[in-house]
Structure formats: C-alpha cells, structure tokens
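Asks: Everything below, folded, please.
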Amino acid sequence: MKEAQIPGRFDGRGRVEFSLSGLEAGQSDMITAVGFEFGYDLAATEVRSRSTMSLVFVRNDSPTARQRAAQTHDRLRAGGPLLMAWAVQVPGAGHTAPQTTLTAVELASKRRGLAAYESNGIRGLVALVSVLGVGCLVLAWALRHGPVAAVVLAALFAVALAVLAAFVPSLTRRWYEKNRRLVDLYDQQRAGGVGPPPPPPGRFGQGG
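Replies: Here you go, the predicted structure:
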C-alpha cells in the first residue's frame with residue numbers, strides 16, 4: 001500500500017481494516033500512528049496466514065480523540081506534517097531527567113507492545129521458555145552415554161533457559177511500566193498543548 005493512500009482510509013467511518021501482505025507488514029506501526037492522529041484506536045491485530053495480517057481500527061469518540069483528530073486536520077490544512085516528533089522527559093530519572101525525542105511511529109510501536117502485554121501478559125512466553133528448558137534437560141539425559149560436550153551443552157542451555165524464565169516476568173514488567181509512563185506522559189503533554197475540544201464533525205458521529 002502506498003503511504004499517501006493511508007490517511008484517506010481514516011475518513012471518519014466507525015471501523016477501518018487494513019489487510020497487509022508480505023513487506024507491507026512493515027507499515028503496521030506507521031498505519032497505527034496515522035490512525036492515532038485521526039482519532040482511531042487499534043482494536044485487533046489478526047494473523048490470517050504466514051504472509052498476511054490484518055489491522056482493525058475503531059473510531060474513538062472520546063473528547064480527547066476528537067480533539068486530536070480536529071487538530072490533525074487543521075495542521076494538514078495549514079500545510080504542516082501529518083506525523084510529528086515530540087520531546088518527552090524520560091520517566092523515572094529524577095528531576096534532572098533528560099528529554100528524549102520520539103517519533104509518532106515509535107510511539108505507535110510502543111502502544112502496540114503495551115496493548116499486547118495488557119491483553120496477553122507473558123504467560124505464553126514463560127511457558128515456552130520453560131518447555132524448552134525441560135526439553136534441554138531431557139536431551140541431556142538422553143545423551144548421557146554420548147559425547148560429554150553434547151551433554152554439557154544441553155545442560156547449559158537448560159540452566160540458561162531456567163534463569164531466563166525466572167527473570168522474564170520482572171524484566172518485562174519493568175519494560176511495561178517504563179513505556180506505560182512514557183506513553184501516558186506523551187498523551188498528557190499532547191492533550192495540554194491544545195485548546196478545548198471542538199464538537200466532532202457530523203460524519204465522525206456516524207458509524208462506518
């Protein structure tokens with residue numbers, strides 16, 4: 001899909017779906033960023049086959065989202081950019097925390113990761129790592145009469161996977177909390193930079 005065609009899909013209808021195949025899947029974060037600017041939330045990501053995925057967006061009718069959409073339309077009519085970069089203070093780094101510049105696409109990627117964590121957690125990942133660790137132990141046992149190097153290697157993999165399974169939850173939680181604060185800070189800064197939300201245009205009040 002050509003990038004110039006993406007904004008036109010977010011025309012105020014209630015539901016927008018993108019079917020991406022092959023290299024188009026690399027556009028998913030950019031499409032999510034564009035949808036966010038026009039007041040849409042990513043509702044679902046569906047993998048339909050090895051080479052095809054679908055992104056489903058729904059219009060967010062909250063005052064904040066309608067305000068953001070109106071701001072985006074005004075910016076485009078004035079000849080400004082569709083996607084912008086924002087400077088936000090790194091959360092958790094104290095009063096002298098440095099500012100970091102995040103692009104709209106980077107923020108969209110973080111939102112997708114946060115949504116996946118909030119929907120699915122990490123139980124599946126921990127279970128997979130645990131199963132692989134058990135598999136390595138079984139392999140080491142099966143090779144106990146074979147070459148010593150193979151047994152040691154399988155045992156080391158089992159230990160490494162066990163350690164990984166133990167630390168994954170805390171590491172992932174810290175990643176989630178940091179990026180959740182970062183995205184929330186961005187949203188607060190963004191919302192504070194504009195005036196009162198205007199009423200939604202008539203076509204935005206209709207379902208698609």
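Asks: quick one: residue 49 and residue 35, what's the gap?
Replies: 23 Å (C-beta to C-beta, to the nearest Å). The way it works is simple: take the backbone N, C-alpha and C, and place the C-beta from them, glycine included.
Asks: Residue 175 now?
Replies: The value you get for residue 175 to residue 35, if C-beta to C-beta is used, is 24 Å.
Asks: Look at those two and report which has more neighbours.
Replies: Each of residue 175 and residue 35 has its neighbours counted (other C-beta atoms under 10 Å); residue 35 has more, 24 against 14.
Asks: Count the neighbours of residue 61 for me.
Replies: So residue 61, with other C-beta under 10 Å, has 12 neighbours.
Asks: Quick one: classify it as helix, strand or coil.
Replies: When classified by DSSP: H, G, I helix; E, B strand; the rest coil, residue 61 comes out as coil.
Asks: what separates it from residue 39, distance-wise?
Replies: 8 Å.
Asks: what does residue 184 give?
Replies: Distance from residue 184 to residue 39, counting by C-beta to C-beta: 18 Å.
Asks: Quick check, residue 7 in contact with residue 82.
Replies: Yes. Using C-beta atoms under 8 Å, residue 7 is in contact with residue 82, at 6.3 Å.
Asks: what touches both of those two?
Replies: Common neighbours of residue 7 and residue 82 (criterion: C-beta atoms under 8 Å, 6 or more residues apart in numbering): residue 34.
Asks: Tell me which stretches of this structure form helices.
Replies: 6-9, 28-37, 63-77, 104-120, 123-142, 148-192 (DSSP state H).
Asks: where among those helices is the average confidence lowest?
Replies: Lowest mean pLDDT of those: helix 123-142, a mean of 54.
Asks: what domains does the record give for this protein?
Replies: Domain ranges of the chain: 1-83, 104-199, per automatic domain parsing.
Asks: measure the first one end to end?
Replies: Right, domain 1-83. Distance between the boundary residues of domain 1-83 (C-alpha to C-alpha, to the nearest Å) amounts to 18 Å.
Asks: show me what contacts residue 40?
Replies: Taking C-beta under 8 Å, 6+ apart, one finds 10, 16, 57, 58, 59, 60, 65 in contact with residue 40.
Asks: if you set the cut-off to 10 Å instead, what comes out?
Replies: Shown in contact with residue 40 (C-beta atoms under 10 Å, 6 or more residues apart in numbering): 9-10, 12-16, 31-32, 34, 56-60, 65, 68-69.
Asks: Also residue 84?
Replies: Contact analysis of residue 84 by C-beta under 10 Å, 6+ apart lists 33, 37, 72, 75, 103, 104, 190.
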